[in-house]
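please find the sequence and the predicted model below.
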Amino acid sequence: MNLSHAGLRDDYEVSSAELNALVEAARRVPGVLGARMMGAGFGGCTISLVEAGAVEEFQARVARDYQAETGQIPKIHVIRSNRDPRRRSGLKALFRAPPWALDIDLPFF
């Protein structure tokens, strides 16, 4: 996920300062397994894979850090899978379902 965001940011140049701020804020939180922008770029949202025990701290720190950097308050949506991602059947379900980790919407302005 992290390398994918770097490619979208650096190679394709479809990220934005706001998306990069969200991704960087997410990556600084212990328990974040990866973070990247979603969609076609130029605004939109990011997705972060976060260990279950780190979700509350993630929400607080990302909101605080993002607001400090941009002056905007992000909307953070927590989505939990109802299956074990280590099982093959659970992994299939994760990829069929719409957002399956943590989704952060950027405010449109």
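Right, received. Where do you want to start?

how about the longest helix along the chain as PDB, C-alpha atoms only?
If you go by DSSP state H, the chain has its longest helix at helix 55-70. Extracted C-alpha coordinates of helix 55-70, given in PDB (Å, rounded to 0.1, in the frame of the first residue of the first chain):
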ATOM      1  CA  VAL A  55      -8.300   2.400  15.600                       C
ATOM      2  CA  GLU A  56      -9.200   4.800  18.400                       C
ATOM      3  CA  GLU A  57      -5.700   6.300  18.500                       C
ATOM      4  CA  PHE A  58      -5.700   6.400  14.700                       C
ATOM      5  CA  GLN A  59      -8.900   8.400  14.600                       C
ATOM      6  CA  ALA A  60      -7.700  10.900  17.200                       C
ATOM      7  CA  ARG A  61      -4.200  11.400  15.800                       C
ATOM      8  CA  VAL A  62      -5.000  11.600  12.200                       C
ATOM      9  CA  ALA A  63      -7.800  14.100  12.800                       C
ATOM     10  CA  ARG A  64      -5.500  16.200  15.000                       C
ATOM     11  CA  ASP A  65      -2.500  16.100  12.700                       C
ATOM     12  CA  TYR A  66      -4.500  16.600   9.500                       C
ATOM     13  CA  GLN A  67      -6.400  19.600  11.000                       C
ATOM     14  CA  ALA A  68      -3.100  21.100  12.200                       C
ATOM     15  CA  GLU A  69      -1.600  20.800   8.800                       C
ATOM     16  CA  THR A  70      -4.500  21.800   6.600                       C
END
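
tell me what the next helix or strand after it is packed against?
Later in the chain than helix 55-70, the nearest helix or strand by DSSP states H and E is strand 75-78. Using 3 or more C-beta pairs under 8 Å, 6 or more residues apart in numbering; DSSP states H and E as the contact test, the elements touching strand 75-78 are helix 55-70, strand 102-105. In short, each C-beta sits where N, CA and C put it, glycine included.

and those as JSON lines, adding mean neighbour count and mean pLDDT?
Formatted as JSON lines, the helices and strands packed on strand 75-78 follow (neighbours: other C-beta atoms under 10 Å; pLDDT from 0 to 100):
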{"stretch": "helix 55-70", "mean neighbour count": "17", "mean pLDDT": "95"}
{"stretch": "strand 102-105", "mean neighbour count": "20", "mean pLDDT": "47"}
